[in-house]
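*Asks:* Output the structure for:
(2 chains)
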Protein chains: 2
Amino acid sequence: MRALATDPAARRLEDDAAIIEMGGERLVLTHDTMVEGVHVLEGQDPADVAWKLVAVNLSDLAAKGAKPVGVLISHMLGSDDHRFIEGLEEVLRTYDVPLLGGDTVRGEGNRVWGCTAIGRATHDQVPSRGGAKPGDAIYVTGPLGAAMLGFEALRDGVERDSSAYRRPLPLVDEGQALAPHATAMMDVSDGLLLDCWRMASVSIRVAFELQSAAIPVADPSRFDDCIRWGDDYQLLFTAPPEIDLPVAVSRIGTVVAADRPQLRLDGEILSPEQGLGYQH
Amino acid sequence: MRALATDPAARRLEDDAAIIEMGGERLVLTHDTMVEGVHVLEGQDPADVAWKLVAVNLSDLAAKGAKPVGVLISHMLGSDDHRFIEGLEEVLRTYDVPLLGGDTVRGEGNRVWGCTAIGRATHDQVPSRGGAKPGDAIYVTGPLGAAMLGFEALRDGVERDSSAYRRPLPLVDEGQALAPHATAMMDVSDGLLLDCWRMASVSIRVAFELQSAAIPVADPSRFDDCIRWGDDYQLLFTAPPEIDLPVAVSRIGTVVAADRPQLRLDGEILSPEQGLGYQH
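*Replies:* Numbers count the residues shown, from 1 in each chain, chains lettered A, B, ... in the order given. Model prediction:
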């Protein structure tokens, strides 16, 4: 749920998950805020909101290979709080994560929710976004665009499964399994292209070369949309191509050496000004 | 910043600070959300908002005798983000606390901000709200009502120091010094009477007997308001009366045995239905 702050100083708040040392363990901390009408539809079932709020934070932990320890939830009270609590209990039970605490507030206008998730790093080398090396393969754990199709179905009241948008499934186990092998990893929250660009930008002197034919999408007739829309929470990572990975993934490209960060799709250079993805 | 949720299930989100074990250390986690027009005045300087947002969370850590490790901040973007960042840097520098991360979002209507603070417990026995014992003395670290006077000055545009409301000073060092001695401790965020009532309610079979003449207030002519208004962030705690405390405090009453939780002021029983304090 990262906005692109216009004030450079405010961008400091959009850092990757934080890691702190604590009694010989590494603690991974992440916070995401969701706004009604921005990250979820206005009037969407609060049970879905609660699910998604927790899921997107667990997804951030997954990208660090971290095992969840618990969550703190901030909830703006409304008329249907019992639905929020039901969805919260459902997602916490599904992922076996305790509710540690939080806060409730009253407010007017669009509702706002926050979640802080805490996890333990399970691997010595906690993957960051910035470790991609020339020669690495670029992988993604599953198809992009399913959340977009779900969003449209829900928005338009079409009879089609919208669960990919409403109830994303964070890849907590997969993240822990992949962490020892990944040179860089993140979850695809804001669109594949934008997130590839971000990963290339913070790695050292690399370009990301993607092959469109290799990118799995939920609707091939809308390929361009699928790789720009976010909210899928697949894991995007780089690893040496010779490594036999413990999770079924799609190889979508290769990291190459470059003077400056670059993103190429089928050889064509894409720049962030072209609108690579969804900026919340 | 605790609301009193109408839905009983939602009240679970209003728990005290969370404590988790981590590599032999105890980690204290707290989250507070602030809403423009509810916890701060509409249009208030965002630098003050950032200060208060961090300060109220550090105050929650102080009540646990915890040493701050860092904060995660959620900020709703606006036109004056640089002021928010300036206030944030000021409070973090003052209390020597690192910014670990956070999130920024766009939204409409009243702005909402969140802070998660992480601390390390400094004492084996982390004080809770529920440990008051018959015979304990009841203490408060300083006068109540200063934030109320500051709020009124700011709201009415009166030339008077409003810093107690705008820039509360969490008693981080005092909390750590008092933790080994306190049988129960909390910060006075929602008014002395309400917070005394809460402490009595979660302790076992006790009543809190307060003496009004002993309660320090910022404006004696408005005693009743001073002990009901919140936002002062003094520490309220109980301890055996024979202990020589390392911090200058005021003794305001005594814990006595009782069949059910009770709050008495100069012998008169006060009930929560009477509006003991500020319910955000």
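*Asks:* Next one, pLDDT for the residue in chain A sticking out farthest from the centre please.
*Replies:* The centre of chain A is farthest from one residue, A:Ser79, which by CA atoms, centre = their mean lies 29.5 Å away. For A:Ser79, the model assigns a pLDDT of 78.
*Asks:* Which positions in the stretch 101-250 of chain A make contact with chain B?
*Replies:* Residues of the stretch 101-250 of chain A found near chain B, taking CB under 8 Å from any CB of the partner chain as the criterion, are A:101-110, A:112, A:114, A:116, A:118, A:120. Backbone N, C-alpha and C define where each C-beta goes, glycine included.
*Asks:* now, which of the residues you listed sits nearest chain B?
*Replies:* Nearest to chain B among those, counting by CB to the nearest CB, is A:Gly109 at 2.3 Å.
*Asks:* where does the stretch 151-280 of chain A dip in pLDDT?
*Replies:* Scanning the stretch 151-280 of chain A for pLDDT under 70 picks out A:278-280.
*Asks:* Show me the helices in it, by range?
*Replies:* Along the stretch 151-280 of chain A, counting by DSSP state H, counting those that start in this stretch, helices occupy A:163-166, A:172-178, A:192-202, A:223-226.
*Asks:* In the second one, which residues are buried?
*Replies:* So the one you mean is helix A:172-178. Applying a neighbour-count criterion of 16 or more other CB atoms under 10 Å in any protein chain shown, one finds A:Val172, A:Glu174, A:Gly175, A:Gln176, A:Ala177, A:Leu178 buried in helix A:172-178.
*Asks:* Which member of the residues you listed is positioned nearest B:Leu29?
*Replies:* Nearest to B:Leu29 among those: A:Val172, at 19.9 Å, using CB to CB.
*Asks:* wait, isn't that closest one in contact with A:Lys64?
*Replies:* No: counting by CB atoms under 8 Å, A:Val172 stays clear of A:Lys64, with 10.6 Å between them.
*Asks:* Let me know how buried A:Pro272 is, in neighbour terms.
*Replies:* Neighbour count of A:Pro272, defined by other CB atoms under 10 Å in any protein chain shown: 16.
*Asks:* and it, what does it touch?
*Replies:* Under the criterion of CB atoms under 8 Å, 6 or more residues apart in numbering or on different chains, the contact partners of A:Pro272 comprise A:Leu194, A:Trp197.
*Asks:* A:Ala63 is in contact with A:Met186, correct?
*Replies:* Yes: the pair A:Met186 / A:Ala63 is scored as a contact, 5.0 Å apart, by CB under 8 Å.
*Asks:* higher neighbour count, the two?
*Replies:* A:Ala63 (32 against 26).
*Asks:* residues in contact with that one?
*Replies:* Contacts for A:Ala63 (CB under 8 Å, 6+ apart) come out as A:Ala17, A:Pro127, A:Gly175, A:Met185, A:Met186, A:Asp187, A:Leu235.
*Asks:* and A:Asp190, how many neighbours?
*Replies:* Around A:Asp190 there are 25 other residues, counting by other CB under 10 Å.
*Asks:* That one and chain B: what is the separation?
*Replies:* For A:Asp190, the distance to chain B equals 12 Å [CB to the nearest CB, to the nearest Å].
*Asks:* same thing with A:Ala214?
*Replies:* 32 Å.
*Asks:* Just list the residues touching that residue, thanks.
*Replies:* Here A:Ala214 is in contact with A:Ser250, A:Arg251, A:Ile252, A:Gly253 (CB under 8 Å, 6+ apart).
*Asks:* My read is that the third one contacts A:Leu210, right?
*Replies:* By that I understand A:Ile252. Yes: counting by CB under 8 Å, A:Ile252 does reach A:Leu210; the two are 5.5 Å apart.
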